[in-house]
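> dropping the sequence and predicted coords here.
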Amino acid sequence: MLFQGGIDVKRRALGIMLTLVFAAASITVVAQTKRTSQKAKDPVCGILVERDQDLSASYKGETYYFCSKTDMDKFKKEPEKYAKKK
């Protein structure tokens with residue numbers, strides 16, 4: 001009888017540990033998803049880039065981010081060519 005009780009405690013502990021592992025994994029996935037959402041699409045070349053204020057330009061109240069100074073300069077010369085159509 002005492003032996004059976006020890007197994008029950010171990011099963012409960014294992015259940016709690018698995019729950020904690022799954023919770024930690026879920027939190028990690030959410031954190032990575034939020035990090036990914038901090039990316040923006042370069043309107044000139046179309047690749048996803050980090051939102052870097054040094055490589056950004058504003059046009060008609062919208063901020064655009066770029067992969068390079070070259071793309072940023074192209075945008076600034078002809079923003080209407082690259083800006084999102086709403």
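Yep, that arrived.
> so where is this structure shaky, pLDDT-wise?
1-5, 30-37, 85-86 (pLDDT under 70).
> could you chop it up by domain?
Per automatic domain parsing, the structural domains of the chain span 1-37, 39-82.
> with mean neighbour count as extra columns, can I get the ones you listed in a markdown table?
C-beta here means a position set from N, CA and C on the backbone, and glycine is covered the same way. Shown next, in a markdown table, are the domains of the chain (neighbours: other Cβ atoms under 10 Å):
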| stretch | mean neighbour count |
| --- | --- |
| domain 1-37 | 9 |
| domain 39-82 | 14 |
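> need the helices for this protein, in chain order.
2-36, 69-77, 79-82 (DSSP state H).
> can you lay out the ones you listed as CSV showing distance to residue 61?
Listed next are those as CSV, based on distance: least, Cβ to Cβ, whole Å:
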stretch, distance to residue 61
helix 2-36, 25
helix 69-77, 15
helix 79-82, 12
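> and the ones you listed: which comes nearest residue 56?
helix 69-77 (7.5 Å; Cβ to Cβ).
> contacting residues around that closest one?
42, 43, 44, 45, 55, 56, 57, 59, 64, 66, 82, 83 (Cβ atoms under 8 Å, 6 or more residues apart in numbering).
> how about a cut-off of 6 Å?
Identification of contacts with helix 69-77 by Cβ atoms under 6 Å, 6 or more residues apart in numbering yields 42, 44, 45, 55, 57, 66, 82.
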